[in-house]
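Trainee: coordinates only, sequence not included:
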């Protein structure tokens, strides 16, 4: 089996496992990805924003923004094939990377130039041919609705699987989504949309 065929088989196994995770009664297919040296685990990161309190009114519950994501772990060979073979990169972008994340928010968010309504949205990443990465939020038809570049740096320490964390930004209105995988470190800034009212 060629590296391209092997990468395609891995992508199919992972995408099958990703789909099965959200379908009750079908989680048994998830080990298919792990059996090929690829692992799929579900993790979450949540940040709570204080909505404030006006006068004697009862305290309101915190506003939550959450990412629920698939902590995939790809072998070095698979990553190299994805980087060097355009067809493998396109396949992974379409079948795996773009649907790794669910982004849930209680308040409207500003991501780049676009406003995202409260609710739960499918999201993920896209690997570009020049080595850059983009963060995507998909519409109901699975098409990219929001696309913003990830600010990517590298580090010496390797992270064995995808790790996402929501952390405080420069002020109360900004949140940073920090992504780590292998030696890559990427960030994208989310902002509570101007004029947004908390519940």
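Mentor: Yep, it's here. This is a predicted model, so every value here is computed, not measured. Numbering: from 1, shown residues only.

Trainee: Could you pull out the helices in the protein for me?
Mentor: Ranges of helices within the chain are 3-21, 31-34, 76-84, 86-95, based on DSSP state H.

Trainee: Any idea which of these has the lowest pLDDT on average?
Mentor: The stretch with the lowest mean pLDDT among these is helix 31-34, at a mean of 37.

Trainee: Would you map the strands across the chain?
Mentor: Taking DSSP state E as the test, the strands found in the chain are 42-49, 63-70, 101-105, 109-111, 114-116, 119-127, 133-138, 144-149, 151-168, 174-192.

Trainee: buried stuff in the second one?
Mentor: So the one you mean is strand 63-70. Of the residues in strand 63-70, those with enough neighbours to count as buried (16 or more other CB atoms under 10 Å) are 63, 65, 66, 67, 68, 69, 70. In this view, the C-beta of every residue, glycine as well, is placed from N, C-alpha and C.

Trainee: Could you tell me the angle between that strand and strand 119-127?
Mentor: Using axes from the mean of the first three to the mean of the last three CA atoms, to 10 degrees, the direction of strand 63-70 lies 50 degrees away from that of strand 119-127.

Trainee: Same question for the first one.
Mentor: For the pair strand 42-49 and strand 119-127, the angle between their directions (the same axes, to 10 degrees) equals 120 degrees.

Trainee: Output the contacting helices and strands for strand 42-49.
Mentor: Based on contacts counted as 3 or more CB pairs under 8 Å, 6 or more residues apart in numbering; DSSP states H and E, the elements that strand 42-49 packs against are strand 63-70, strand 151-168.

Trainee: Parallel or antiparallel, list what pairs with the shortest one.
Mentor: So the one you mean is strand 63-70. Using DSSP bridges, the strands paired with strand 63-70 in its sheet are strand 42-49 (antiparallel), strand 101-105 (antiparallel).

Trainee: contacting residues around it?
Mentor: 18, 21, 40-51, 100-107, 109, 123, 162, 164, 166, 175, 177, 190, 198-199 (CB atoms under 8 Å, 6 or more residues apart in numbering).

Trainee: picking up where we left off before, dump the strands paired with strand 63-70 to CSV, plus mean pLDDT, mean neighbour count and distance to residue 153.
Mentor: Shown next, in CSV, are these (pLDDT from 0 to 100; neighbours: other CB atoms under 10 Å; distance: least, CB to CB, whole Å):
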stretch, mean pLDDT, mean neighbour count, distance to residue 153
strand 42-49, 94, 15, 20
strand 101-105, 96, 21, 20
